[in-house]
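*Asks:* sequence first, predicted model second:
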There are 4 protein chains.
Amino acid sequence: MIRVGIVGGTGYTALELIRLLLRHPEVQITRITSRDPEHPHLGDVHASLRDRLDLNFETLDVKSFASDIDCAFCCLPHAASAAVVGSLIDAGVRVVDFSADYRLNDVGTFEQWYQVTHPDADRVGNVPYGIPELFRESIKSANLVANPGCFPSSAILPLAPLTKAGLIDSGSIIVDSKTGVSGAGRKTNLKFHYPECNESVAAYGVGTHRHMPEIDQILGRFTGVETSTIFTPHLIPMDRGILSTIYVLPVDGSTADSAMDCLNDFYKREPFVRVTGDLPITKDVANTNFCDITVRQCGDRLVIVSVLDNLIKGASGAAVQNFNAMFDFDETTALS
Amino acid sequence: MIRVGIVGGTGYTALELIRLLLRHPEVQITRITSRDPEHPHLGDVHASLRDRLDLNFETLDVKSFASDIDCAFCCLPHAASAAVVGSLIDAGVRVVDFSADYRLNDVGTFEQWYQVTHPDADRVGNVPYGIPELFRESIKSANLVANPGCFPSSAILPLAPLTKAGLIDSGSIIVDSKTGVSGAGRKTNLKFHYPECNESVAAYGVGTHRHMPEIDQILGRFTGVETSTIFTPHLIPMDRGILSTIYVLPVDGSTADSAMDCLNDFYKREPFVRVTGDLPITKDVANTNFCDITVRQCGDRLVIVSVLDNLIKGASGAAVQNFNAMFDFDETTALS
Amino acid sequence: MIRVGIVGGTGYTALELIRLLLRHPEVQITRITSRDPEHPHLGDVHASLRDRLDLNFETLDVKSFASDIDCAFCCLPHAASAAVVGSLIDAGVRVVDFSADYRLNDVGTFEQWYQVTHPDADRVGNVPYGIPELFRESIKSANLVANPGCFPSSAILPLAPLTKAGLIDSGSIIVDSKTGVSGAGRKTNLKFHYPECNESVAAYGVGTHRHMPEIDQILGRFTGVETSTIFTPHLIPMDRGILSTIYVLPVDGSTADSAMDCLNDFYKREPFVRVTGDLPITKDVANTNFCDITVRQCGDRLVIVSVLDNLIKGASGAAVQNFNAMFDFDETTALS
Amino acid sequence: MIRVGIVGGTGYTALELIRLLLRHPEVQITRITSRDPEHPHLGDVHASLRDRLDLNFETLDVKSFASDIDCAFCCLPHAASAAVVGSLIDAGVRVVDFSADYRLNDVGTFEQWYQVTHPDADRVGNVPYGIPELFRESIKSANLVANPGCFPSSAILPLAPLTKAGLIDSGSIIVDSKTGVSGAGRKTNLKFHYPECNESVAAYGVGTHRHMPEIDQILGRFTGVETSTIFTPHLIPMDRGILSTIYVLPVDGSTADSAMDCLNDFYKREPFVRVTGDLPITKDVANTNFCDITVRQCGDRLVIVSVLDNLIKGASGAAVQNFNAMFDFDETTALS
């Protein structure tokens, strides 16, 4: 039985993580923290967990917390996370970190896009990116895994094999993503007030979203190819789900068919990536750890459509999959 | 041309009011106030009004404000409204007040339910309640009209004629209402954060909602009959619309048919109340000033279903209808 | 390992059932039928199940079907179900039936409300109603269980203990229910066309809904008390969830507190009924087998609010719970 | 007073058209047809119009119909429309046609994409495309106007001035559109069944949507420049609204700023196109005839975002605007 602690447990990714871990036969959730524990009991913050897990929120005390857990899932905002992850690792705890702090290849890019001094700069660049389909071996042995961003997951899963196989023009990538509102987190904001975003679609972060460099850096890490992705996210009136429509120029005579062959071959043994003939929709992956992908031709472009649940394969499901890899469980445990 | 000013113009009812008044051929909106004018220009707060009305928010200065308007629509919260309405009237301005401050029959009930000292107690009980279908003559000559609550409108419109006609047991009224989220206003709150209230239904204010005494008092004012309504509102994942399902015991041999006859007769010359054979749905009155009503029999009860748009017939449309009555325009002006 | 077959597998309850059973460690789904198998493969009808369960739809041949299964879940419409259930039982298969065919106490009431001759009249009245919290012992030993209706589950779970304990006036029950659209099934109909029911609330079946006699008959079966429930369902723009607001007159000095005590005591050992102090919302039970209940006072009435997921505790989750009881598994298996 | 008839009046565009025309002081709706008049009265099909317009559906008899109207709005499907438009014009009626039949430049392209023989081929190519902002003069004098497609409107309005001004690479245009479900019409289909498309996003018609050639042909007609647009529509869980995200390569040193200048200059006197600094959202144009546009830079691309209401500026509002131009009314009549 692995003892698990959750750092920063009041948000949607923590809630989803707990729901998944409650199905894991080899996990016991022993501790949970909150930075502002207004409500001391878990069930007061997450009413859906009433009578399911009897825990009180505590303020993080690393020494006490670490003594009671084998693995920490860190659900803090960027910078706040890297301020505590190091001491958790030093205390002998393995960590899956949900923040962006350890995802990028270099501190400079992080500090440029996040406009903050990185509190644990030395580790940056040496932490496996938590997509087991691409980085499984380094995840298995890692003490720290950088859980991936939701949009990057939806873009990197289809683009990584195609880029590595040299089927697409690395300078032509446009990712147009549509996400449900849970991706914005649980903090209130007029933009996410129900009557503001219901019955509406909005583009946001055009040219400025922090997941843009993440896509390029991880694609580069996996393929050795430099890309310059154009990325535009859109807010959609639904709870959960991301659909990314990706436009690329094929090269060297590649086609939608050869792209599909490449993806089918690459993912044929992977339990959570489904390469489908039909156009995938987000509803078919909601509440699951699947990413469904297809490729079509339109004019001179390939149009790739990928879908995943931003809270599962885009966050907490990926985290459990990484945890399973790290602790040598079947990767599908608690995720089927 | 009537010059109109809006006090407290940043919320949804003010936005809806402006949209309606822009269609009014005899209205010019000359002034608008905000208590915290972070954004000075109207279009910065209500982006849908960009290029449609060129006004800056100002802090209310009654003397200056009143000098430039003939009628004020007051969209402030309760108590805040009554703190300024008196001085507007004294300055010669006629007022339609959206708050609850002047709706009830007596100050005692107001202070009991709103837990605040009434700033203008003398006027309470002498202000016409703004349902022209019931109180038209006193509205026409009034300097101040208390615009009705959205839930009470949906309950009083069907119940007033039936109660007055003696068709229903005044002690048996149960009003189960369902409202879209715009009814909660524009102030952010975790309860109205999109991922919290989307895909969910919630009862709230059970036994404690302030519209409960409003229903009883206005029914009493119109009919002379004392009622003791049970009222439960529910939050529904949609922008706008109220459906009230009302359960009453018929008396003296009355039936769904005789109740329908009573309503048909009472409202036959009213442009905004439609008594329908079919079960009405909120979508069919969305963005209109209609209230649709029907009556059915179920066991020993009559089941009345009424629908209206909480922002129009339940707020800003009713306000324009009252304004039209006060200034002797056709009541349907700007509302068709 | 129990071999399971599904009769009528193209709808939402069958999909939900499969999702749950795929988590059951002691179940193998071996066969699935459709009355009009336009798409032969499961993944063509339920795209979310692609790569998860490799089965083809077949036309029901009872002999062949029964030879390969231990338990059948019958998801056919009323009357169609009772036309095949008998032969399945005769072939040695135990059956959980989702239809209304075996829920009522007598054939006469069935034929009056469903306007069809019952194809298997002899069994009616002798089949346990599938709410294990009320009828566990007879379910455990049954060859056939009548899976309950979604609305009745939300009403009976709170009302049964209160009625049995004599806390409420049996003639005063009014059930006002709100349901997501999945409750209407998967057959297209203009009423459930997205732009018709989105952003709208509708009452339907006022005084005529078939779940009304079901509530009274099952309450009567459990408590021995005759009730005459007034029941009104409403269609809400969301996928799943039922919230029932139940108005009753307390008797003999009972109060919200004594009602809460009664419910707390009755359900204290039940894993799937949570008696809560807060007002429950449907979101907190979505995708779970929980029914959450509370009681409040309003005027002279008790207002009971109960919530459940119409596809889980209101259908497929209840079916799995019944299956677990019948085959002696822990009732929570595959449901946590 | 202009007498107006509606051909094919049961769908959403006809409903929206009627709502708008009821506000038009110079219009009388005299006749309405349906190809399958199951419900004879308008209010039986469009319940929101109860008591607002007293008309019965009739089967189209051109001679009788034309004798009673000055202008017909034709809301039939493609090919069905062109089968009757000619005879209406011959009978002296001016026509605004909602179908695609007269939008394209040549019959060959129409027949290739719509896979049907055009019933009125001679007129194709000689009918003004109903975007008054681009083709006002020819609309004013026309007997027949081809009302534009909803997606093309959202793409052509921003692209036409930029392409004509030579600011963008004509071979680089990618249009990624998101639409509410009303765009799919009122005919039931499993894809638009509420529980199928709610809480989901889907791409559709990838590489095959008929609005793709319409965008290129109309851009070519206005600018003389040949384009080869990549177009992907997406279905969004909301009633109404289109947001198009358009990716183009700037040429000759053009930037987001120069593109904004171009658009501001082009549309500065147009009442229904708003060039905005903020990112526009569909909610801010819902129920209006506005199209809001902005341009941003992202990497080497310009990202254009345009929004409109698919039923208003994308269909019935544009039709009324065209009607106003044809009959010499102020173009904003009934549209403010």
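*Replies:* On my side now, so go ahead.
*Asks:* which stretches of the stretch 51-200 of chain A form helices?
*Replies:* Ranges of helices in the stretch 51-200 of chain A, per DSSP state H, counting those that start in this stretch, are A:62-67, A:82-90, A:107-114, A:132-140, A:150-164, A:194-197.
*Asks:* beyond the shortest one, next helix or strand please.
*Replies:* So that's helix A:194-197. Using DSSP states H and E, the next helix or strand after helix A:194-197 towards the C-terminus is strand A:202-203.
*Asks:* can that following strand be found next to chain D?
*Replies:* Yes. Using C-beta under 8 Å from any C-beta of the partner chain, strand A:202-203 reaches chain D at A:202-203. All C-beta atoms are positioned from the backbone trio N, CA, C, and that covers glycine.
*Asks:* which helices and strands sit right next to that strand?
*Replies:* strand A:230-235, strand D:242-248 (3 or more C-beta pairs under 8 Å, 6 or more residues apart in numbering or on different chains; DSSP states H and E).
*Asks:* as CSV, the helices of the stretch 51-200 of chain A with mean neighbour count would be great.
*Replies:* Shown next, in CSV, are these (neighbours: other C-beta atoms under 10 Å in any protein chain shown):
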stretch, mean neighbour count
helix A:62-67, 15
helix A:82-90, 19
helix A:107-114, 17
helix A:132-140, 18
helix A:150-164, 26
helix A:194-197, 24
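*Asks:* wait, which of these is closest to chain B?
*Replies:* Closest to chain B of the helices of the stretch 51-200 of chain A is helix A:194-197 (C-beta to the nearest C-beta; 4.2 Å).
*Asks:* is any residue of that closest one near chain C?
*Replies:* No. Counting by C-beta under 8 Å from any C-beta, chain C has no neighbours in helix A:194-197; the shortest distance is 11.3 Å.
*Asks:* contacts for that helix?
*Replies:* Residues from elsewhere that reach helix A:194-197 (C-beta atoms under 8 Å, 6 or more residues apart in numbering or on different chains): A:181, A:190-191, A:235, A:237, B:12, B:180-182, B:186, B:192-194, B:197-198, B:237, B:239, D:283.
*Asks:* can you show me the CA trace of stretch A:132-152 as CSV?
*Replies:* Extracted in CSV, the C-alpha atoms of stretch A:132-152 (Å, rounded to 0.1, in the frame of the first residue of the first chain):
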residue,chain,number,x,y,z
PRO,A,132,4.4,8.1,-20.3
GLU,A,133,3.7,7.3,-24.0
LEU,A,134,6.8,9.4,-24.8
PHE,A,135,9.0,9.4,-21.7
ARG,A,136,8.1,6.2,-19.9
GLU,A,137,11.6,5.0,-19.0
SER,A,138,12.7,8.2,-17.3
ILE,A,139,9.4,8.5,-15.5
LYS,A,140,9.7,5.0,-14.0
SER,A,141,12.9,5.8,-12.2
ALA,A,142,12.2,9.5,-11.4
ASN,A,143,11.7,11.0,-8.0
LEU,A,144,10.0,14.0,-9.6
VAL,A,145,7.7,14.0,-12.6
ALA,A,146,6.4,17.2,-14.3
ASN,A,147,2.7,16.5,-15.0
PRO,A,148,1.9,17.9,-18.4
GLY,A,149,-0.3,20.8,-19.3
CYS,A,150,-3.7,20.0,-20.6
PHE,A,151,-3.4,21.8,-24.0
PRO,A,152,0.1,20.6,-24.6
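*Asks:* from the chain's centre, how far out does it sit?
*Replies:* Relative to its chain's centre, stretch A:132-152 lies at 10 Å (C-alpha atoms, centre = their mean, to the nearest Å).
*Asks:* likewise for stretch A:23-32?
*Replies:* The answer for stretch A:23-32 is 21 Å, by C-alpha atoms, centre = their mean.
*Asks:* ok, it near chain C or not?
*Replies:* Yes. Stretch A:23-32 is in contact with chain C by C-beta under 8 Å from any C-beta, via A:R23.
*Asks:* ends of that stretch, what's the gap?
*Replies:* 17 Å (C-alpha to C-alpha, to the nearest Å).
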